[in-house]
Structure formats: structure tokens, C-alpha cells
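Enquirer: sequence unavailable; structure follows:
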Ligand SMILES: *Cc1c(COP(=O)(O)O)cnc(C)c1O
Ligand code: SF4
């Protein structure tokens, strides 16, 4: 339990946990008893994309271990500032598939809604670290444009709540949006792409289960976990509650050098996910976003790892290895 900052996790609501996240690199290093020499790089990376990590996630990081696989996902580094050829600020060119505020329509039949620009955690490899969130956070009035767009295109059958992290929005807001969508007859499925159940499992409140479990859609949730150490008992409990509410649970992982590019780690991740009621869905090759080049795994190693997983695990525990490619009509298998 982290007690160095003002609070312990146990007594706090999810909103309070969000509000009291660690945002100061100095504090992070102190709480985790890390070498102060890491500070200079941490402050430099933090200046480009701020540090943000809630106490509930910090608890799962081993103290004194600069190579902890969870720490490496959140600790800013000076190397993030290096320019690497082939890496850019909008590698997916999503800004060209943005026909209404807060809506991205890139693939047939599915639209993404950027429901909340905020995240509970800032993942250093994030492909949205440079996305213009400010222009894409509609209020209630402005959602009408996105809702009209969906209503006018009967080929759209699935709406995906995305972000940022959609579960950073309030349940009241989310319930309102689900109700609006329920009145569009051609919609069949609702999907939530979120890292919050992994990062702050207390986010899965009764109110949350109500709008998620009690709507007319077939509802799925794609969580985002990269390492089995992320899936402790509190996360397991949250995922079980979701499953009991009839939400189909899937996981996406980003392949990250030094964090999960090892066969036994990926195997343990798949097995742990299944214990928690979740099926592996995608294993993503890193998006080539400036600041994240040091996480890249070669295509050759990615294919080899995937091949090995097919040999060692049942087929349903092997995620699809994909890369997102601008203008491709789907995520592209490697
Ligand atoms: C990943 C993604 C989707 C969903 O794709 P699936 O293959 O159905 O999981 C939809 N829209 C965008 C922009 C995406 O990046
Ligand atoms: S939670 Fe997802 S969207 Fe948010 S910073 Fe992490 S990877 Fe990016």
C-alpha cells in the first residue's frame, strides 16, 4: 500500500483516486524508492507528455526496480525527446477520418466516439499523446452532430466508446449517451475501449454496471492490459462483476520492448486474462508515434513471438497480431 502521498486507495472513490493521481516525477521516484538519477530524464519526458499514474496502479509496481514492467509504461524518459525517422505525431492520420466533433469513422460499420479526452494514466507509448483532444470533447449540445451522423448512415451497426478513456466520464454522461444511441434503430452493438478497469478497478461501480448491463445492445468491453502483473485480485474482481452483467470481455495489448516482448510473459498474460474472464483480442505492433521509438519491437520478433504463442497456447488464447495502417479498411495482420 502506498502511504507516502496523502491517501490510501481503500477509502477513496474512483473520482478521488483520479484526482489524487501522482503527477510529480519527484514524488514517483520517492514513493518507489528509485534512483534520484532518473529524475532529470523523467522531468524532460514529463515536459513533453505529463506523468500520470494513480495509486491503485502504483501499488503493483515493485519498489526499487527501475525495470519493473509496469513502471516502464509510466515513467517518463529523456529518450522520448529524440526524433526518430518514421515516427510522427499523427501516424494513423485519424485527423482525416473525423467528420463530426468527437467521432472517428474509419472502418465499415463501426464508429469511434471520443467520449472523454482524459485518461486515468498516461502510457508513455500512447498513440494519442499528440492527438488534439481539445477540439474533440463535445458537450451535450455538440454530441448532436455525431448522433445525426450515425443516424443518417444505416451501415453503422456498432458504436465504440473510446478516448482518451471513456470511463473517465461520469456514469450520468455515459448513460445519457447510451440512451441517445438506443433510439437509433440500425445500431446493434455497443463497445467500450477502456484501460480503467485495469488501472482503477473501483471504477466499476454499481451505477456503471447499470448503464453497461442494462441497455438494448449487445455490449462488449475491450480492456487494455500489457502485463500479467497488472491483473491483481482487485482487477480480477472488477472484471468478474462486468462479466456477470453480461458484458463480453476482450483485451488488447501493445507489444512493448523491455515490457512484454518475451514468450513467457505473453503466455502468462493470456492465461491470467482467461482466469479473469477475458479473451485476448489484439496484440498490436506499436504505432510509430514520436517519443515511443524505444518501445519498438521488430516485425520479425513480433511474428516469432506470435508463432510461438500459437504453438504453446490453445487457439482462443492467442491474440491476433496486427498493425494499424492509415487508410487500410481494417487493422492489418502482420
Ligand atoms: C480499432 C479501431 C476500430 C475497431 O476495429 P475492430 O477491428 O472492429 O476492433 C474502429 N475504429 C477505429 C478508428 C479503430 O482504430
Ligand atoms: S489509457 Fe489508452 S489512451 Fe490513455 S494514455 Fe494509456 S494507451 Fe493512451
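Expert: That came in fine, so what should we check first? Here the structure is a predicted model, which means the values were calculated and not measured. Ligands and ions are numbered 1, 2, ... in the order given.
Enquirer: what's the burial count for the closest residue to ligand 2 within the stretch 151-300 of the chain?
Expert: For the stretch 151-300 of the chain and ligand 2, the shortest gap (Cβ to the nearest ligand atom) falls at residue 195, measuring 3.7 Å. Heads up, the C-betas are built off the backbone N, CA and C, glycines and all. Neighbour count of residue 195, defined by other Cβ atoms under 10 Å: 26.
Enquirer: which pLDDT does the model give it?
Expert: pLDDT, residue 195: 98.
Enquirer: distance of it from residue 83?
Expert: Separation of residue 195 from residue 83 (Cβ to Cβ, to the nearest Å) stands at 28 Å.
Enquirer: and the strands in the stretch 151-300 of the chain?
Expert: 158-163, 189-194, 218-224, 248-254, 279-284 (DSSP state E, counting those that start in this stretch).
Enquirer: what's the last one in contact with?
Expert: Contact partners of strand 279-284, identified using Cβ atoms under 8 Å, 6 or more residues apart in numbering, comprise 222, 249-255, 266, 269-270, 273, 302, 306, 316-324, 331.
Enquirer: any idea how far that strand is from the chain center?
Expert: 12 Å (Cα atoms, centre = their mean, to the nearest Å).
Enquirer: how about the secondary structure of the nearest residue to residue 66 once chain neighbours are set aside?
Expert: Distance criterion Cβ to Cβ, 6 or more residues apart in numbering; nearest residue to residue 66, sequence neighbours excluded, is residue 34 at 5.8 Å. In the three-state summary, residue 34 is assigned as coil, counting by DSSP: H, G, I helix; E, B strand; the rest coil.
Enquirer: how near is residue 34 to ligand 2?
Expert: As judged by Cβ to the nearest ligand atom, to the nearest Å, residue 34 and ligand 2 stand 21 Å apart.
Enquirer: make TSV out of the strands of the stretch 151-300 of the chain and add mean neighbour count.
Expert: Converted to TSV, the strands of the stretch 151-300 of the chain look like this (neighbours: other Cβ atoms under 10 Å):
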stretch	mean neighbour count
strand 158-163	22
strand 189-194	22
strand 218-224	20
strand 248-254	21
strand 279-284	20
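Enquirer: dump those to JSON lines, plus distance to residue 202.
Expert: Compiled in JSON lines, those are given as follows (distance: least, Cβ to Cβ, whole Å):
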{"stretch": "strand 158-163", "distance to residue 202": "18"}
{"stretch": "strand 189-194", "distance to residue 202": "14"}
{"stretch": "strand 218-224", "distance to residue 202": "15"}
{"stretch": "strand 248-254", "distance to residue 202": "18"}
{"stretch": "strand 279-284", "distance to residue 202": "24"}
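Enquirer: in the stretch 151-300 of the chain, which residue sits closest to ligand 1?
Expert: Counting by Cβ to the nearest ligand atom, the stretch 151-300 of the chain gets nearest ligand 1 through residue 160, at 5.7 Å.
Enquirer: ugh, wrong one, the stretch 1-150 of the chain
Expert: residue 106 (3.9 Å).
Enquirer: shouldn't that residue be within a strand?
Expert: Yes: counting by three-state DSSP, residue 106 falls inside a strand.
Enquirer: from residue 290, how far off is it?
Expert: On the measure of Cβ to Cβ, residue 106 and residue 290 end up 21 Å apart.
Enquirer: also residue 173?
Expert: 32 Å.
Enquirer: name the SS class of residue 112, please.
Expert: Reduced to three states by three-state DSSP, residue 112 is strand.
Enquirer: okay, and the beta partners of it?
Expert: Beta bridges link residue 112 to residue 104, residue 160 when assigned by DSSP bridges.
Enquirer: pLDDT below threshold where in the stretch 101-250 of the chain?
Expert: For the stretch 101-250 of the chain, the stretches with pLDDT under 70 are 131-137.
Enquirer: the domain parsing of this structure - what is it?
Expert: Domain ranges of the chain: 9-81, 99-333, per automatic domain parsing.
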